[in-house]
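Colleague: I need the structure of the sequence given here:
(chains A and B, ligands or ions: 3)
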Amino acid sequence: MRTRPSLFATAVGKKYAMAISGLVLMGYVLLHMVGNLKIYFGAESLNKYAEWLREIGEPALPREWLLWGLRFVLLAAVFVHIYAAYSLTVMNRRARPVQYVSKRDYVAADFASRTMRWTGIIVVLFVVWHLLDLTWGTTNPDFVSGDVYHNVIASFERIPVAIAYVIANLALGVHLYHGAWSLFQSMGWYGTWRRTFSIAFAGVVVLGNVSFPLAVMFGVVN
Amino acid sequence: MNVHLKVWRQAGPDEPGDFETYDIADVTEEMSFLELLDVLNEQLVAEGREPVAFDSDCREGICGSCGVMIDGQAHGPQRGTATCQLHMRLYNDGDTIVVEPFRSAGFPLVKDLVVNRSAFDRIIEAGGFITVPTGSAPDANLTLVPKEDSDRAMDAAQCIGCGACVAACPNGAGQLFTAAKLAHLNLLPQGQPERQRRTIGMVEEMENYFGSCTNHRECSAACPKEISIDFIAMLNRDFRKARR
Ligand code: HEM
Ligand code: SF4
Ligand code: FES
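Modeller: Ligands and ions are numbered 1, 2, ... in the order given. Predicted coordinates for the structure are as follows:
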């Protein structure tokens, strides 16, 4: 028997890795959005929730250990997802070294499926900035450690910040419109429910997330 | 009607290539696209010029040899139709039609519109068969097959190996062909004993030549047999199970 490449060394295997890491990240963005809805219940509600995130696992685990565990899983998922995306993109470039000279006329590939790399990169750049702004406070001149409610409002009162936040979330929505459909295809589960699911998932996440800066801009929360 | 054909001309694999435009007069609606190329070639030969090299055999949509890119779509604009079955009634007087060869690392160009699709043969050799014992034919209905399974296997078995899926795919992926060739055996009882070996062998061979699927669905839209991408999901599932 000749030796088999490891599953992750195959392109089909890398797609499983993308699907599973994508699913982990989808779970995260959904919970993140739902958690932040507490902003509508006032400062105390949101700040208490933020504090609770640091306490979960206690007293079995020391403070913030579980949170760091989850952060580690997320970081690993991001790494696997981007590495697989990168290496499959290289493979695809090699698969067509001579491009078509005449203009291609696509009939099925949509905007979302053709911009996955770009919407993904926008989301990651946004996440980096988001951490600087609301986790570490580096880019937020009015940052008060521990007062999440205050920090969110101080951040979104800057119009360009609010607009960037909305754009990044639209990019996330476009990524998920294709991704939350595609992951089932990659894993080998098919049916017409897939499109319904991806529209609903992307829609819920984007509507929830985009509501926060809008609520601040229009003074619904202050 | 009169049409202008803008055709890719390239003398050999390592020669430079470019489009050349030819005017063709008195084209009739009943002509197939290949007959249009025949008329062009008669014209070129009469002028003492090199005819356009293109592949064709059955001219009835079953052999899979005639695929070219027509106006940026594999096998042209009509769904579920091979180039040989495309008719000039689809076009209007004065149209300019652009014809380019399939482009893929797995399909090296031979000349003009002809590419070498033997990478598909390598994939079949890697498991696209059942190792049948020789002897007399078994009795009919000895092995019962559920109707749905045989229908789906037949849908997959329609693949004519034309390569339009690879040509149409923005990633140059060979998934639809490989998935169809896997499914028509993996769905039937006769295909079961070698199912795992076949799936692993064919997928790994496919990856030696072609790109990786990102589920654009262009393949299925270009396929003259309208093979469904559900078979690609089946490939993904079978590979996962076989590699477990
Ligand atoms: C730099 C960041 C990112 C890049 C470059 C990126 C790129 C990609 C690419 C190229 C695909 C393949 C498309 C396909 O095969 O259908 C993909 C799929 C996917 N992405 Fe991302 N992405 C990024 C971030 C994210 C994030 C933050 C999430 C979730 C919130 C996510 C969720 C998904 C899902 C669920 C899939 C489908 C996986 C599959 O088809 O198997 N991605 N991504
Ligand atoms: S799957 Fe369709 S497009 Fe691909 S080789 Fe078979 S018949 Fe041609
Ligand atoms: S010539 Fe045989 S399929 Fe077109």
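Colleague: what about A:Y165, neighbour count?
Modeller: The local packing of A:Y165 (other C-beta atoms under 10 Å in any protein chain shown) involves 22 other residues. Using the backbone N, CA and C atoms, a C-beta is placed for each residue, glycine as well.
Colleague: same check, this time on A:F126
Modeller: By the criterion of other C-beta under 10 Å, A:F126 has 18 neighbours.
Colleague: so which helix or strand takes in it?
Modeller: Assessed by DSSP states H and E, A:F126 sits inside helix A:116-130.
Colleague: repeat for B:M234
Modeller: helix B:230-242.
Colleague: so who does B:S56 touch?
Modeller: B:L34, B:S65, B:C66, B:C84 (C-beta atoms under 8 Å, 6 or more residues apart in numbering or on different chains).
Colleague: hang on, I meant A:D147
Modeller: Contact analysis of A:D147 by C-beta under 8 Å, 6+ apart lists A:A43, A:N47.
Colleague: Excluding chain neighbours, what is closest to A:R54?
Modeller: Leaving aside its chain neighbours, A:R54 sits nearest to A:E64 (5.0 Å; criterion: C-beta to C-beta, 6 or more residues apart in numbering or on different chains).
Colleague: With adjacent residues omitted, what lies nearest to B:G161?
Modeller: B:G64 is the one closest to B:G161 (C-beta to C-beta, 6+ apart), at 4.4 Å.
Colleague: List the residues that contact that neighbour.
Modeller: Per C-beta under 8 Å, 6+ apart, neighbours of B:G64: B:A82, B:I160, B:G161, B:C162, B:G163.
Colleague: mind redoing it with 10 Å?
Modeller: B:55, B:57-58, B:82, B:117, B:120, B:159-164, B:177, B:224-225 (C-beta atoms under 10 Å, 6 or more residues apart in numbering or on different chains).
Colleague: And for A:Q185?
Modeller: A:K15, A:A19, A:R194, B:C213, B:T214, B:N215, B:R217, B:I229, B:D230, B:I232, B:A233, B:N236.
Colleague: Out of these, the closest to B:P193 would be?
Modeller: Nearest to B:P193 among the contacts of A:Q185 is B:N236, at 21.7 Å by C-beta to C-beta.
Colleague: So the closest one sits against A:K14, correct?
Modeller: No. Using C-beta atoms under 10 Å, B:N236 is not in contact with A:K14, being 11.7 Å away.
Colleague: quick one, which of the two is more surrounded?
Modeller: Shown here are B:N236 and A:K14; by other C-beta under 10 Å, B:N236 has more neighbours (25 against 21).
Colleague: Look up the closest residue to the residue nearest to the spatial centre of chain B, ignoring the ones flanking it.
Modeller: For chain B, the residue sitting closest to the mean C-alpha position, by C-alpha atoms, centre = their mean, is B:C162 at 1.8 Å. Spatially, and ignoring its direct neighbours in sequence, B:C162 is nearest to B:G64 (3.8 Å; C-beta to C-beta, 6+ apart).
Colleague: Assign the one you found to helix, strand or coil.
Modeller: Classification of B:G64 by DSSP: H, G, I helix; E, B strand; the rest coil places it in coil.
Colleague: residue ranges for the helices of chain A, please.
Modeller: For chain A, the helices defined by DSSP state H occupy A:11-36, A:43-55, A:65-95, A:111-114, A:116-130, A:148-156, A:159-187, A:193-217.
Colleague: Which one, of those helices, ends up nearest to B:E204?
Modeller: helix A:11-36 (9.1 Å).
Colleague: So for B:N236 and A:K14, which residues contact both of them?
Modeller: Both B:N236 and A:K14 are contacted by A:S186, under the criterion C-beta under 10 Å, 6+ apart.
Colleague: residues from chain B in reach of ligand 3?
Modeller: B:56-59, B:61-66, B:82-84, B:160 (C-beta under 6 Å from any ligand atom).
Colleague: In CSV: those residues, plus pLDDT.
Modeller: Formatted as CSV, the residues of chain B next to ligand 3 follow (pLDDT from 0 to 100):
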residue, pLDDT
B:S56, 97
B:D57, 97
B:C58, 97
B:R59, 97
B:G61, 96
B:I62, 96
B:C63, 97
B:G64, 97
B:S65, 97
B:C66, 97
B:A82, 98
B:T83, 98
B:C84, 98
B:I160, 98
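Colleague: contacts with ligand 2 among the residues you listed, please.
Modeller: Filtering the residues of chain B next to ligand 3 for proximity to ligand 2 by C-beta under 6 Å from any ligand atom leaves B:I160.
Colleague: Please pick the buried ones from the residues of chain B next to ligand 3.
Modeller: Neighbour-count burial (16 or more other C-beta atoms under 10 Å in any protein chain shown) applied to the residues of chain B next to ligand 3 gives B:S56, B:R59, B:G61, B:C63, B:G64, B:S65, B:C66, B:A82, B:T83, B:C84, B:I160.
Colleague: Give me the neighbour count for B:F33.
Modeller: For B:F33, using other C-beta under 10 Å, the count is 28.
Colleague: Enumerate the helices of chain B by residue range, in sequence order.
Modeller: Here chain B has its helices, by DSSP H, at B:33-46, B:118-125, B:147-157, B:164-168, B:175-186, B:195-209, B:218-222, B:230-242.
Colleague: Kind regards, and thank you for your time.
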